[in-house]
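Asks: coords please:
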Amino acid sequence: MKHRNLIAVIKNFVIFLVIYLLLSFMAVMLIYEGLFARTEPYEYSVFISRDDIEQEYTVRDVSFDSCGFSVSAALFGESKDKLVILGHAKDNSSADMLPEAKFFLENGFSVMTMDFIGHSNSEGNSQSGLHQSVYDMENAIGYARSVGFGNIYLYGIGIGGYAAASCADEEGVRGVAAISAYSSIPDLTLEYAVSKMSILGYLEYPIMLLYQQILYGDDMNHNAIEGINSSDVPVIIINGTADDKIKYDGAALINASERITNDKVIYRTVENGVHLSLMRTDEARNLIDKFNEDAYMLYYEHDGNVPIASVDALYDAVDSEAASQLDAELMNEILGVFGSI
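Replies: Presented below is the predicted three-dimensional model:
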């Protein structure tokens, strides 16, 4: 009788486990569908526009294939000597990288901006996931080489920073700046799972990781740490202590310094620096914060139905040049890493 009871317990446990795993896997798929939903182009921006840059530099639209989708990109400048490829943050677009584009143009580089798959003007019904930006960056580098660039530099923020670091060992890459980047998909996945689900996150973590393993296979192992360690190029890693997306003492790339063996890596901490505005001046950060406060107030005043005229007035009141100001000390240090000063 005891033997039969034990078999029944084991059988019920196995059934429970299978159901739990199936439901968890379905939940993970739904979570990722929401987290990596496609983002469309936005009409407004507080930063300088492409028109502002076109007044001084040539710009031409280009595209290239990545995983069967067309990536929308643009080449700024005439120099064939050196090119900086810019990678934007999650849910952002190439338009958010125009202040950096202008900075590098002013310092003698040509620049490529692009929208990662599932973002803005690029194809893709979704952003795919955490590793897609690496595929897109790899293909951007390949395109740059195909049109004659032999000295390529990578600068990225968030998923763009992860992609830049992961591609440090690509042919033609001479230097990398990884801003607000995470170290690896497993590190960030665990951080996300625990932050959202507390102790339960440790149970869901293997399932979340399995889903991404199915998506990317062994490619997932070639992460930011591996990319840096497999290269011999100079790399600067910059993370902020107040990052609201990637914990400075958690999945942030700077926190993986003990696992990084490339002796050409420079680490920079920005005290109280947050994810997206890490490279802005204090004036620019304050201006953007004030704009966001005004935007939220306007939204709630109109219950979400803000008149177009009010939106236009809100953006017209912003000094885009001031909002686009970059931290001169950090940017000049990046120029040093890129061998320009």
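Asks: Which positions in the longest helix along the chain come out as buried?
Replies: Secondary structure of the chain per DSSP state H: the longest helix is helix 2-35. Within helix 2-35, the residues scored as buried using 16 or more other C-beta atoms under 10 Å are 24-25, 28, 31-32. Backbone N, C-alpha and C define where each C-beta goes, glycine included.
Asks: Please save the CA atoms from the helix or strand following that helix in CSV.
Replies: Using DSSP states H and E, the helix or strand that directly follows helix 2-35 along the chain is helix 50-54. Only the C-alpha atoms of helix 50-54 are listed here, as CSV (Å, rounded to 0.1, in the frame of the first residue of the first chain):
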residue,chain,number,x,y,z
ARG,A,50,18.8,65.3,-39.2
ASP,A,51,18.0,68.6,-40.9
ASP,A,52,20.3,70.3,-38.5
ILE,A,53,23.2,68.0,-39.5
GLU,A,54,22.5,68.1,-43.2
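Asks: what's in contact with helix 50-54?
Replies: Identification of contacts with helix 50-54 by C-beta atoms under 8 Å, 6 or more residues apart in numbering yields 59, 74, 76, 95, 98, 101-102, 105, 320.
Asks: still on that earlier bit, so how far is the longest helix of the chain off the chain centroid?
Replies: Offset of helix 2-35 from its chain centre (C-alpha atoms, centre = their mean, to the nearest Å): 34 Å.
Asks: Check which helices and strands that helix sits against.
Replies: If you count contacts as 3 or more C-beta pairs under 8 Å, 6 or more residues apart in numbering; DSSP states H and E, helix 2-35 packs onto helix 200-216.
Asks: so who does Tyr153 touch?
Replies: 82-85, 109, 173-177, 338.
Asks: secondary structure element for it?
Replies: strand 152-157.
Asks: Given that strand, what are its sheet partners and their directions?
Replies: strand 83-87 (parallel), strand 173-179 (parallel) (DSSP bridges).
Asks: Other residues contacting whatever helix or strand comes next after the first one?
Replies: Looking back up the chat, that one is strand 83-87. Downstream of strand 83-87, the next assigned helix or strand under DSSP H and E is helix 98-106. The contact list for helix 98-106 (C-beta under 8 Å, 6+ apart) reads 47-50, 52-53, 56-57, 76-77, 84, 86, 111, 113, 155, 279, 324-326, 331.
Asks: Check which residues of helix 98-106 are buried.
Replies: 98-105.
Asks: now do stretch 63-78
Replies: Quick answer for stretch 63-78 (16+ other C-beta under 10 Å): 63-64, 66, 69, 71-77.
Asks: What's the end-to-end length of that stretch?
Replies: 18 Å (C-alpha to C-alpha, to the nearest Å).
Asks: Equivalent analysis for stretch 115-132, please.
Replies: End to end - C-alpha to C-alpha - stretch 115-132 spans 12 Å.
Asks: let's have the chain start at 50 instead
Replies: In the new numbering, first residue 50, that becomes stretch 164-181.
Asks: Nearest to Asn278 among the contacts of Tyr202?
Replies: Val225 (12.4 Å; C-beta to C-beta).
Asks: Stretch 361-373: end-to-end distance?
Replies: Across stretch 361-373, first to last residue, C-alpha to C-alpha, it's 19 Å.
Asks: rewinding a little: which neighbouring elements make contact with the next helix or strand after the strand holding Tyr202?
Replies: Sequence-wise, the next helix or strand downstream of strand 201-206 (DSSP H and E) is helix 208-215. Under the contact definition 3+ C-beta pairs under 8 Å, 6+ apart, helix 208-215 sits against strand 132-136, helix 181-195, strand 201-206, strand 222-228, helix 273-278.
Asks: Recalculate using a threshold of 10 Å.
Replies: strand 132-136, helix 181-195, strand 201-206, strand 222-228, helix 234-246, helix 273-278, strand 284-289 (3 or more C-beta pairs under 10 Å, 6 or more residues apart in numbering; DSSP states H and E).
Asks: Now the last one: average pLDDT?
Replies: Averaging pLDDT along strand 284-289 gives 98.
Asks: so where's the stretch 50-199 of the chain uncertain?
Replies: 50-53 (pLDDT under 70).
Asks: Buried ones in stretch 239-256, by neighbour count?
Replies: 239-243, 250, 253-254, 256.
Asks: Looking at these, which is nearest Glu332?
Replies: Glu240 (31.4 Å).
Asks: if we can go back for a sec, export the buried residues of helix 51-84 to CSV and append columns for distance to Gln261.
Replies: Shown next, in CSV, are these (distance: C-beta to C-beta, whole Å):
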residue, distance to Gln261
Ser73, 14
Phe74, 12
Val77, 9
Ile80, 12
Tyr81, 8
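Asks: Out of those, flag the one nearest to Asn54.
Replies: Closest approach between those and Asn54, by C-beta to C-beta: Ser73, at 28.0 Å.
Asks: Can you give me the neighbour number for the nearest residue to Asp236 once chain neighbours are set aside?
Replies: Closest residue to Asp236 apart from its sequence neighbours, by C-beta to C-beta, 6 or more residues apart in numbering: Ala300 at 4.2 Å. Residues lying near Ala300 (other C-beta atoms under 10 Å) number 24.
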